[in-house]
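In: Here you go, sequence then predicted model.
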Amino acid sequence: MATTKAAPKLVTKTPEDKTYQGLTRQQLIEIYRLMFLSRRIDDREILLKRQQKIFFQISGAGHEALLVAAGLALKPGYDWLFPYYRDRALALTLGMKPLDMFLQAVGAADDPSSGGRQMPSHWSSRELKIVTGSSPTGSQYLHAVGCAHAGRYFSAHPDAARKAQGDYREFKDVTFHGDEVVYVSSGEGTTSQGEFWEALNSASNLKLPVLFVIEDNEYAISVPCEVQTAGGNISRLVANFPNFHFEECDGTDPVESYAAVTRAVEHIRAGRGPGFVHGHVIRPYSHSLSDDERLYRPESERKEEVRRDPITRLQMFLIREGILEEKEITDLEKQVDQEVQDASDRALEAPLPAKESILQFIYSPDFDPTSAKVEVPPAPAANSSKPGAVAAKTMADLITACLRDEMRRDPRIVVFGEDVADCSREQYLKEKLVKGKGGVFKLTAGLQTEFGPDRVFNSPLAEASIVGRSIGMAVRGLKPVAEIQFFDYIWPAMHQLRNELPLIRWRSFNGFSSPALIRVAIGGYLTGGAIYHSQCGESIFTHIPGLRVVFPSNALDANGLLRTAIRCDDPVMFLEHKRLYRETYGRAPYPGPDHMIPFGKARVAREGSDISVITYGAVVPRALQAAQRAEREHHLSVEVLDLRTLSPYDWEAIAKSVRKTNRVIVAYEDVLSWGYGAEIAARIADELFDHLDAPVRRVAAMDTFCAYQPVLEDEILPQSDDVYQALIKLAGF
Ligand SMILES: Cc1ncc(C[n+]2csc(CCOP(=O)(O)OP(=O)(O)O)c2C)c(N)n1
């Protein structure tokens, strides 16, 4: 049998100046180096995890080609990025160092992304404008939209970027470029999240410069793409969004990916709208080290995938094109291996975070809204005691007045939410065909007319989007004053409110912050408000570190606290009781444009010496009525303490009052069990036990929902009479 001798391998050197979709030979070598580096960091982390030297691992394996291509198409430190956990190769291409990654993997103090607080692959870098990412899938999409919106805003209003003293602006550097791109990515499984669609909708509608990158490895842990996505291909579903440039490419091929991303980026930089790149990639390792894909993927499928491995494919391409020889590839790989080894060795030696650092950066280290320095009393005219000298204004009036005054003072404030604009179809206003709406409670009426549609605008009916976009805006230095129309409908935004807004600063170790303000109309006593227009639930939010929660009971407090909330450097939830908006109780004259009340300072609404009632919101006037009656009928001297802010709350004032009266009721509108009063009552019992002459009592709503029929509503919600009865009982204990 004749043996056929293998023909000698012919390596035809390509001309040095040949390019591949604009990529030079040198760039292709660099692409290979970055892809290989990314893979090797994954491999090393896997080893370290098996040795129990790190505690979690999730890889970017199989996604490298698409991501290096994306990194090359973007400008480091110029464009903004909201990547997800598989984007290691992107982060490396932009300039993040292997050491930075290993420092996060071991949870070192010097982990630049989070100071040892976040799992590996949760990238963050202020210099590179890689905004701190979280573990929930998809929430980053809305941040990217808000971020792009802010960039657009600052380009149109460059004066707003200026620094100013005395509020959050002192601590926020604003940078922007007219042609910047905001990158955001996820796997194909995450496109099932509503927030993804909300983001596409707004980016499309507003023609925002967002680059959406979908890294489709066909699996979300064990769930394949045809289960996630109707028809199995996300590109087909999104194709009708206007203003987009769409690309679908082989994400294991860096040249094809680079061409696709570059075309999308060109479209975005030219201001024509967002881009969408759907790259088909592979996932050669299981989802994470906690997953074993052999349980749901047969050998045949996994083998087939190996053929598409972007690293081996590019290796072969470089050889075939005569760009590198095998020996040169081996040398390059050795260098990478050494770099990875050195970086991981250094990280393993790195000091761990000090336990004393745990509470750092829950709140702004720069602006303390609880400081007495924040206090500005009402202007003298407002304090005039002459009856009728200054007209008394409602809480609604003074909230609007504060918004208007602050918007005049600070061009970074934008007001948005459902129905908050005067009229989205501006020509109707201009032609004076309509008067304008300005909020379902009319608190933002006239603001669009005065400040224009860039600063006051309606959002789609999507609460997660309102909060998520606010986060992205506030990260960039805007001050979103967003409105949630009814507390009852805050729940679609819960994820953003619990897992994102209050965490941006802490999880990035002060790398980023998001001092957005969320105004929320809350509460019952509406006579017919029923289940879905009467809810309270403030304790759910006071349970979240990092979020300031304010709940004023009267016009003057609402004005002074809202101003502090706006100027503050932390995220704030500002709860406005609907029933108090136009109540006769608690009206006050306009206090001028600078009235500020520090957070965490209660107000003694009524002095007394026999019993303390600790309360807030709409229960304040009810408690005052009960106190007057108890005094009239039983000569009881009741002190009523209005907390004003619920997180932080004024423990000193509570303790002072309880030490004086030795008997205390905590009264609140929400359902009794697990409510805000539980914490206050527990702390009083714990720390003031020696000062108590009777058990701590709570007065609150029944443990049910608020019914429509007023007879039922009255029974369910705590009334003045309930507080009165509790006072009498407690006095007799
Ligand atoms: C909101 C949310 N739900 C569930 C999870 C748990 N989880 C983490 S990753 C993941 C799958 C994501 O799949 P895909 O978006 O396709 O990205 P891939 O991991 O495949 O790159 C799931 C379900 C999560 N992190 N967040």
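Out: Here it is on my side, so go on.
In: State the distance from the closest residue to the ligand within the chain to residue 521.
Out: Among all residues of the chain, residue 187 sits closest to the ligand, at 2.0 Å; criterion: CB to the nearest ligand atom. C-beta: built from backbone N, CA, C; applies to glycine. Distance of residue 187 to residue 521, given as CB to CB, to the nearest Å: 37 Å.
In: And those two? Which one has more around it.
Out: The neighbour count for residue 187 versus residue 521, taken as other CB atoms under 10 Å, is higher for residue 187 (25 against 22).
In: in the sheet, who's paired with that one?
Out: Here residue 187 shows beta-bridge partners residue 215, assigned using DSSP bridges.
In: and the gap between it and residue 218?
Out: Counting by CB to CB - residue 187 and residue 218 are separated by 9 Å.
In: mind listing what's buried in stretch 96-114?
Out: 96, 98-108, 110-114 (16 or more other CB atoms under 10 Å).
In: Check stretch 524-534 too.
Out: 524-526, 529-530, 533-534.
In: Tell me the span between the first and last residue of that stretch.
Out: Distance across stretch 524-534, first residue to last, is 4 Å (CA to CA, to the nearest Å).
In: Could you find the closest non-adjacent residue to residue 290?
Out: residue 56 (8.0 Å; CB to CB, 6 or more residues apart in numbering).
In: any idea how far residue 292 is from the one you found?
Out: The value you get for residue 56 to residue 292, if CB to CB is used, is 16 Å.
In: Which one's more surrounded, those two?
Out: Between residue 56 and residue 292, counted using other CB under 10 Å, residue 56 has the larger neighbour count: 16 against 11.
In: If I look at that one, what pLDDT would I see?
Out: As predicted, residue 56 sits at a pLDDT of 96.
In: State the phi and psi torsions of it.
Out: Phi and psi for residue 56, reported as degrees, to the nearest 10, are phi -160, psi 150.
In: Is the spatially closest residue to residue 499 that is not a sequence neighbour part of a helix or strand, or is it coil?
Out: Once flanking residues are discounted, residue 499 sits nearest to residue 136: 5.2 Å by CB to CB, 6+ apart. For residue 136, the secondary-structure state derived from DSSP: H, G, I helix; E, B strand; the rest coil is coil.
In: these two touch, right, residue 136 and residue 494?
Out: No: assessed by CB atoms under 8 Å, residue 136 is found out of contact with residue 494, at 11.2 Å.
In: residues in the chain within reach of the ligand, list them.
Out: Contact residues (CB under 6 Å from any ligand atom) of the chain with the ligand: 86, 135-137, 186-190, 215, 217, 219-221, 287.
In: Quick check on the residues you listed: which are buried?
Out: Neighbour counting by 16+ other CB under 10 Å classes 86, 137, 186-190, 215, 217, 219-220, 287 among the residues of the chain next to the ligand as buried.
In: Pick out whichever of those residues sits closest to residue 328.
Out: Residue 328 lies nearest to residue 86 out of these, by CB to CB, at 28.6 Å.
In: Out of the buried residues of stretch 96-114, which sit inside strands?
Out: Judged by DSSP state E, strands contain none of the buried residues of stretch 96-114.
In: show me the residues around residue 687 that make contact.
Out: The contact partners of residue 687, by CB atoms under 8 Å, 6 or more residues apart in numbering, come to residue 655.
In: likewise residue 438?
Out: Residues near residue 438 by CB under 8 Å, 6+ apart: 420-422, 444-448.
In: does the residue nearest to it when sequence neighbours are not counted count as helix, strand or coil?
Out: Leaving aside its sequence neighbours, residue 438 sits nearest to residue 445 (CB to CB, 6+ apart; 2.8 Å). Put simply, residue 445 is coil when judged by three-state DSSP.
In: Need the pLDDT of residue 445.
Out: According to the prediction, residue 445 has pLDDT 98.
In: phi, psi of it?
Out: Dihedral angles of residue 445 (phi, psi; degrees, to the nearest 10) stand at phi -60, psi 130.
In: Around residue 334, how many other residues sit close by?
Out: A total of 10 residues lie near residue 334 under the criterion other CB under 10 Å.
In: Am I right that it is in a helix?
Out: Yes: Residue 334: assigned to a helix according to three-state DSSP.
In: Quick check on residue 533: phi, psi?
Out: With angles defined as degrees, to the nearest 10, residue 533 sits at phi -140, psi 20.
In: mind listing the strands for the stretch 101-250 of the chain?
Out: Listed in chain order, the strands of the stretch 101-250 of the chain (DSSP state E, counting those that start in this stretch) span 182-187, 210-216, 219-220, 223-224, 245-250.
In: how about those strands in JSON lines, adding mean pLDDT and distance to residue 681?
Out: Formatted as JSON lines, the strands of the stretch 101-250 of the chain follow (pLDDT from 0 to 100; distance: least, CB to CB, whole Å):
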{"stretch": "strand 182-187", "mean pLDDT": "98", "distance to residue 681": "44"}
{"stretch": "strand 210-216", "mean pLDDT": "98", "distance to residue 681": "48"}
{"stretch": "strand 219-220", "mean pLDDT": "97", "distance to residue 681": "44"}
{"stretch": "strand 223-224", "mean pLDDT": "96", "distance to residue 681": "45"}
{"stretch": "strand 245-250", "mean pLDDT": "98", "distance to residue 681": "57"}
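In: Which one, of the ones you listed, ends up nearest to residue 660?
Out: Here strand 182-187 is closest among the strands of the stretch 101-250 of the chain (CB to CB), at 55.2 Å.
In: now for the closest one, which elements pack on it?
Out: Counting contacts by 3 or more CB pairs under 8 Å, 6 or more residues apart in numbering; DSSP states H and E, strand 182-187 packs against strand 80-82, helix 140-156, strand 210-216.
In: for the last one, packing partners?
Out: Counting contacts by 3+ CB pairs under 8 Å, 6+ apart, the secondary-structure elements packed against strand 210-216 are helix 64-73, helix 140-156, strand 182-187, helix 194-205, helix 254-269, strand 275-280.
In: Most tightly packed of these?
Out: A comparison of the helices and strands packed on strand 210-216 by mean neighbour count, using mean count of other CB atoms under 10 Å, puts helix 64-73 on top with a mean of 30.
In: Strand 275-280 and that one, what's the angle between them?
Out: Orientation of helix 64-73 against strand 275-280 (axes from the mean of the first three to the mean of the last three CA atoms, to 10 degrees) gives an angle of 160 degrees.
In: Could you tell me how far residue 490 is located from residue 258?
Out: Counting by CB to CB - residue 490 and residue 258 are separated by 43 Å.
In: State the pLDDT value of the closest residue in space to residue 112 that isn't next to it in sequence.
Out: Of all residues not flanking residue 112 in the chain, residue 100 sits nearest, at 5.2 Å (CB to CB, 6+ apart). Looking at residue 100, its pLDDT stands at 98.
In: Surely residue 100 is in contact with residue 113?
Out: Yes: at 6.9 Å, residue 100 and residue 113 qualify as touching, with contact defined as CB under 8 Å.
In: Quick check: neighbours shared by the two?
Out: Common neighbours of residue 100 and residue 113, using CB under 8 Å, 6+ apart, are residue 125.
In: looking at this, residue 497 is in a helix?
Out: Yes: Residue 497: assigned to a helix according to three-state DSSP.
In: Quickly find the element holding the closest residue to it other than its chain neighbours.
Out: Distance criterion CB to CB, 6+ apart; nearest residue to residue 497, sequence neighbours excluded, is residue 467 at 5.8 Å. Using DSSP states H and E, the secondary-structure element containing residue 467 is helix 463-476.
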